[in-house]
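**Student:** quick one: sequence plus predicted model below, questions after.
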Amino acid sequence: MLFSLLGIQANAQSFYITSYDYSTYLNTISSIDADLNVTPIASLYFNGDQIWDIAFASDGKLYGTTSYALIEINLQAGIYTEVYEFPVTGQYNSLVCNSDNEIITLEYNNHHLITIDLSNFTEVSNVVLDESSPGDLTFYKGNLIFQGTSSNAILSVRGTTLITLACPIASPSGEPFLFYGFSNYTDSCEADLVYGFSQDGHVYRHDIEAQTNAEVGTLANSPQPINGSTTLNEWMASGCSSIELDEVSCTVQMREQQLSDVLLYPNPVVDVLHVQGLALQGELLFALHSLDGRKLIEGVLTPEMDLSQFASGVYLMDIYNSSRTLSSTRRIITN
């Protein structure tokens, strides 16, 4: 069966999540379709323990982490095999594979970043970072990235140093969203989208280079809590030429709040989208994307934007200044 997320029609880009039921002690691996519906595939009992995260390797094998072991999961049979015991028991809740047939996990309490060779299940490296992650690792154009536990920002790993790539995203309550699932969408090295899944099923799209993000929806019938996510091709981004990503400061006012005076209406829009508040900000630029991340048009934001050429549907408009010190993403619906 082909699954898709947000219009991405490809078997290789199915998103998978793992969740845990505290009443039955079952770990469930599920897929996500284009309408953000969750379909359970397999349930596993692991000595009452949680499977904290999952990741596909380049050969298609699925792996998971528990408090003390790396396991290989057979989805068709609904069984698992322990393949590697971690040197120290902990909470290995972050997992991703790379293109070198290695798997990388980050331990929550003591911040050990461990790389394991999947050909012989031996430790390649073990370094200690300044922060851990609430739930997941992924790659972005050759860079290993995750959300930090202390800063809640998106961080990049450079040796043992952490670089801040994007600031925390505030939830409606004002608290930062924590992404227990954090996986890239990769079908080529030009792909630039990363998706975050909160424990209660909120899904966010991140464009790291553009410094924009947007909530794309909430998982229907979401199992809780969600512990981790992956895609079949997540490992591919590790093999891309590593681009130098700019470090950002999160001590300034939230970008979204700084652009709150820019109003777009009506929404839904039939033909012309009106923009109010430009005089307060100076010249702003925009880029309109489809939900699968394709850039459709870009240019200078004006008081009247003709969108009559676009079919009915949902689009994402990134708004930013030339230096990208201000940025915001708005959901636009066309009728």
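**Tutor:** Nice, I can see it.
**Student:** what residues sit buried inside stretch 239-247?
**Tutor:** Residues of stretch 239-247 classed as buried by neighbour count (16 or more other Cβ atoms under 10 Å): Cys240, Leu245. Placement of C-beta: from N, CA and C, glycine included.
**Student:** brain fart, stretch 264-282
**Tutor:** Neighbour-count burial for stretch 264-282 [16+ other Cβ under 10 Å]: Leu264, Val269, Leu273, Val275, Leu278.
**Student:** and the helix or strand encompassing the first one, how far from the chain's centre?
**Tutor:** With secondary structure defined by DSSP states H and E, Leu264 is part of strand 263-265. Using Cα atoms, centre = their mean, to the nearest Å, the distance from the centre of strand 263-265 to the centre of the chain it belongs to is 28 Å.
**Student:** adjacent strands (with direction) for it?
**Tutor:** Looking at strand 263-265 with DSSP bridges, its partner strands are strand 272-276 (antiparallel).
**Student:** send me the partner strand as PDB with only the CA atoms.
**Tutor:** The C-alpha coordinates for strand 272-276 follow below in PDB (Å, rounded to 0.1, in the frame of the first residue of the first chain):
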ATOM      1  CA  VAL A 272      -7.200  38.600  -4.400                       C
ATOM      2  CA  LEU A 273      -5.500  38.300  -1.100                       C
ATOM      3  CA  HIS A 274      -5.300  41.600   0.800                       C
ATOM      4  CA  VAL A 275      -2.200  42.400   3.000                       C
ATOM      5  CA  GLN A 276      -2.500  45.000   5.800                       C
END
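**Student:** got the contact list for that strand?
**Tutor:** Residues outside strand 272-276 that contact it (Cβ atoms under 8 Å, 6 or more residues apart in numbering): 262-267, 301-308, 332.
**Student:** swap in stretch 149-166?
**Tutor:** 108, 113, 127-134, 140, 143-148, 167-168, 176, 178, 206, 208, 211, 213, 245-250.
**Student:** among these, which ones are in helices?
**Tutor:** Among the contacts of stretch 149-166, none falls in helices (DSSP state H).
**Student:** filter these down to the buried ones.
**Tutor:** Buried among those (16+ other Cβ under 10 Å): 108, 113, 129, 131-134, 140, 143-148, 167-168, 176, 178, 206, 208, 211, 213, 245, 248.
**Student:** wait, isn't Pro176 in contact with Ala170?
**Tutor:** Yes - taking contacts as Cβ atoms under 8 Å, Pro176 lies within contact range of Ala170: 6.0 Å.
**Student:** buried ones only from the contacts of strand 272-276, please, as a PyMOL command.
**Tutor:** Buried subset of those, written as a PyMOL selection, criterion 16+ other Cβ under 10 Å:
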select buried, resi 262+264+301+305+307+332
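**Student:** and the residue nearest the centre of the chain, how far is that from Val203?
**Tutor:** Centroid-nearest residue in the chain, with Cα atoms, centre = their mean: Tyr195, separated by 2.7 Å. Using Cβ to Cβ, to the nearest Å, we find Tyr195 at a distance of 6 Å from Val203.
**Student:** shared neighbours, these two?
**Tutor:** Val216.
**Student:** need the strands for the stretch 101-250 of the chain, in chain order.
**Tutor:** 102-107, 112-117, 122-128, 137-140, 143-147, 154-158, 161-166, 179-185, 193-198, 202-207, 212-218, 226-231 (DSSP state E, counting those that start in this stretch).
**Student:** quick check: angle from the helix or strand Ile29 falls within to strand 226-231?
**Tutor:** Following DSSP H and E, one finds Ile29 within strand 26-32. Angle of strand 26-32 versus strand 226-231, following axes from the mean of the first three to the mean of the last three Cα atoms, to 10 degrees, is 40 degrees.
**Student:** direction included, what does strand 26-32 pair against?
**Tutor:** strand 15-21 (antiparallel), strand 38-45 (antiparallel).
**Student:** so which bits of stretch 220-234 are buried?
**Tutor:** Neighbour-count burial for stretch 220-234 [16+ other Cβ under 10 Å]: Ser222, Pro223, Pro225, Ile226, Asn227, Gly228, Ser229, Thr230, Thr231, Leu232, Asn233, Glu234.
**Student:** how about TSV for these, with pLDDT and distance to Leu75 added?
**Tutor:** Listed next are the buried residues of stretch 220-234 as TSV, based on pLDDT from 0 to 100; distance: Cβ to Cβ, whole Å:
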residue	pLDDT	distance to Leu75
Ser222	80	20
Pro223	80	16
Pro225	87	21
Ile226	91	17
Asn227	92	16
Gly228	94	15
Ser229	95	15
Thr230	95	12
Thr231	93	14
Leu232	91	12
Asn233	90	16
Glu234	93	16
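**Student:** and the furthest pair within these?
**Tutor:** Greatest spatial distance in these: Pro225 and Asn233, 25.4 Å, computed using Cβ to Cβ.
**Student:** Asp33: neighbour count?
**Tutor:** 16 (other Cβ atoms under 10 Å).
**Student:** for Gly60, see how far away Tyr320 is.
**Tutor:** 39 Å.
**Student:** neighbour count: these two, which is higher?
**Tutor:** Tyr320 (21 against 7).
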